[in-house]
Structures are given as C-alpha cells and as structure tokens.
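Engineer: what's the 3D shape of this:
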Amino acid sequence: MFTSLVTRRNLTPAPPAAAGDVHGTRRSSGARLEASERVRIVGEGFETIGWTLNVSRGGVRLIVEEPLGIGGEYRLQVGDDSAPFRAARVVWVQDEADGQIVGAQFLDGSGSEIPPPNT
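Structural biologist: From the prediction side, this is the model:
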C-alpha cells in the first residue's frame, strides 16, 4: 500500500473553530462555483497555465504544474484570451506529486459577482 504525503502551507495559521461551527475555516467571500477553466498565470518574468477547481467572488482554487510561491502576486486570466486579467495573491499551496493545488485571493475588489463560465 502506498502512502501519500501532502504538504500544505498558507500565509496565516488556521483559525480556531467556534463552538458549533462546522466550517471554521470558511471565508465570507460567498458561494464557490465549481469550474474547470483554463487559467493563464503571469508574474514578473514568469508565465504558466493552470486550471480552475472552483471560483468565488473573493478568489479561486487552481491546479498548476509549475510551483507558485505563497504571498506571490500574479495576474490571472480565467477562460479564453478575451477574458480580462485580475490581480491575485497566492494565500495557500498544497504540494502534490504532479504539481500544486493553489488558493489565490483576488486583489482588485471588483469581484462582486462570480465570473460566469465561458461557453
């Protein structure tokens, strides 16, 4: 039997769960929408492609092959080449055997609505 070691790092320690609070680590950024959109990730001297796992008003969970740094600020383009870029900061990463799962927070404050999936 194989065991998998997962390493997850984030910018802040996990908050204590309040009594009776099932999801003490949930943010108040609204509902998450499952998605599988291509994401172009651009940083200073860096560009790669990833895929969304879910999107909310406050951020996005991505899967990438090339590692991203915690606290790193990037421009994300979710969907096709006509989609606008949004500024985002990586707030947590989970290392996997074939890449990373990444949580990124949108920085532009314009995300009052969940972006619609491109069709």
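Engineer: after the host helix or strand of R75 comes which helix or strand?
Structural biologist: Using DSSP states H and E, R75 sits in strand 73-78. Downstream of strand 73-78, the next assigned helix or strand under DSSP H and E is strand 85-96.
Engineer: quick one: list the elements packing against that next one.
Structural biologist: strand 7-10, strand 59-64, strand 73-78, strand 99-106 (3 or more Cβ pairs under 8 Å, 6 or more residues apart in numbering; DSSP states H and E). The C-beta positions use only the backbone N, C-alpha and C, and glycine is treated the same way.
Engineer: with only the CA atoms kept, save the second one in CSV.
Structural biologist: It stands for strand 59-64. Output of strand 59-64 as CSV, limited to C-alpha atoms (Å, rounded to 0.1, in the frame of the first residue of the first chain):
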residue,chain,number,x,y,z
GLY,A,59,-10.7,34.1,-5.2
VAL,A,60,-10.0,30.9,-7.0
ARG,A,61,-8.6,27.4,-6.3
LEU,A,62,-6.3,26.3,-9.1
ILE,A,63,-4.2,23.3,-10.0
VAL,A,64,-0.8,24.1,-11.6
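Engineer: could I get the strand holding R75 in PDB with only the CA atoms?
Structural biologist: What follows is strand 73-78, C-alpha atoms only, in PDB (Å, rounded to 0.1, in the frame of the first residue of the first chain):
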ATOM      1  CA  GLU A  73       1.200  38.300  -6.700                       C
ATOM      2  CA  TYR A  74       0.200  37.300 -10.200                       C
ATOM      3  CA  ARG A  75      -2.200  38.400 -12.900                       C
ATOM      4  CA  LEU A  76      -4.800  35.600 -13.700                       C
ATOM      5  CA  GLN A  77      -6.800  35.300 -16.900                       C
ATOM      6  CA  VAL A  78      -9.600  32.800 -16.300                       C
END
